[in-house]
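Visitor: Coordinates for the following, if possible.
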Amino acid sequence: MEDIDLKRVIDVTILAHLVVTSVSGKKLRSAELSAFINDLLRTGTFLLPAAILVGQARALPHYWGVTDGSYITPNAPGLMLDVGDADFHQELIWYYGIDEAAFQVALSHIPFEEQDCCISFPFTDGWNGWDGAVIYVLKQPFFLDIRGYGNTSIRHCVTSFFTLFSAIGGGLGIQDTLLQPIITRYFGPDEAIDL
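Guide: As a prediction, this is how the structure comes out:
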């Protein structure tokens, strides 16, 4: 009888999110959004490539699996970072690339108030332990339900929010980083919710 070496492969993923939104429900307007993104780029907090997706938002029933590439998914920001690799419908992708001038042109033409919008910054080497950042500006309030560790979750009605995402739970906070004063400027103090 042959000895068979059986190995178990266990894939453990711990999702971490840092979500920033206005408790008052204030929505970022077009000029504020552009200024916010330009502050992120100017300080070197985020770098290109970036993606802009414009279309319709829809929540996924669960985080795992393949996303339907014809929708923006506010409750699954990690999936929105995969624009370069995932099978998103071309009409959803407003811009994707590293050309800052082309990115600025695309950003200035986003149809806010008419469609749901998502701007994602997938980091190639991570930032402060995070895999990437996603900014959502939705045309109407959306009930956000992001599952956290254990039974924790965010349940908040939002129209615009910023989130950092890590698939391995390794993201650090924003205290004492270049991101903290930018977040405070656009969303107000003490608006971050850690999961």
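
Visitor: Could you point out the longest strand of this structure?
Guide: strand 130-147 (DSSP state E).

Visitor: Flag the helix or strand of this structure with the lowest per-element mean pLDDT.
Guide: Every helix and strand of the chain was ranked by mean pLDDT, DSSP states H and E. The lowest is strand 192-194, at a mean of 46.

Visitor: Sheet partners, orientation included, of the longest strand of the chain?
Guide: Under the criterion DSSP bridges, strand 130-147 sits next to strand 116-127 (antiparallel), strand 153-166 (antiparallel) in its sheet.

Visitor: centre of the chain versus the longest one, how much separation?
Guide: Read that as strand 153-166. Chain-centre distance of strand 153-166: 9 Å, with Cα atoms, centre = their mean, to the nearest Å.

Visitor: elements contacting the following helix or strand past that strand?
Guide: Tracing the chain C-terminally past strand 153-166 and defining elements by DSSP states H and E, one meets helix 179-187 next. With contacts taken as 3 or more Cβ pairs under 8 Å, 6 or more residues apart in numbering; DSSP states H and E, helix 179-187 sits against strand 16-21, helix 30-42. Using the backbone N, CA and C atoms, a C-beta is placed for each residue, glycine as well.

Visitor: please redo it, this time with the cut-off set to 10 Å
Guide: In terms of contacts (3 or more Cβ pairs under 10 Å, 6 or more residues apart in numbering; DSSP states H and E), helix 179-187 is packed against strand 16-21, helix 30-42, strand 153-166, strand 192-194.

Visitor: Any buried residues in that helix, and which?
Guide: Neighbour-count burial for helix 179-187 flags Leu179, Ile182, Ile183, Tyr186, Phe187 (criterion: 16 or more other Cβ atoms under 10 Å).

Visitor: The third one reaches Phe162, doesn't it?
Guide: Pointing back at Ile183 there. Yes. Counting by Cβ atoms under 10 Å, Ile183 touches Phe162, with 7.0 Å between them.

Visitor: one step back: rank the strands paired with strand 130-147 by mean pLDDT and give me the bottom one.
Guide: Here the strands paired with strand 130-147 differ in mean pLDDT, and the lowest is strand 153-166 at a mean of 81.

Visitor: Is the residue nearest the centre of the chain bridged to anything, and to what?
Guide: The centre of the chain sits closest to Val134, judged by Cα atoms, centre = their mean, with a distance of 2.1 Å. On the basis of DSSP bridges, Val134 is bridged to Ser120, Thr163.

Visitor: who's in contact with it?
Guide: By Cβ atoms under 10 Å, 6 or more residues apart in numbering, the residues touching Val134 are 17, 19, 51, 53, 72-74, 76-81, 118-122, 161-165.

Visitor: go with 6 Å
Guide: Pro77, Met80, Ser120, Thr163 (Cβ atoms under 6 Å, 6 or more residues apart in numbering).

Visitor: Let me know how buried the residue nearest to Tyr186 when sequence neighbours are not counted is, in neighbour terms.
Guide: Ranked by Cβ to Cβ, 6 or more residues apart in numbering and with sequence neighbours excluded, the top spatial neighbour of Tyr186 is Phe36, at 4.7 Å. Neighbourhood size, Phe36 [other Cβ atoms under 10 Å]: 19.
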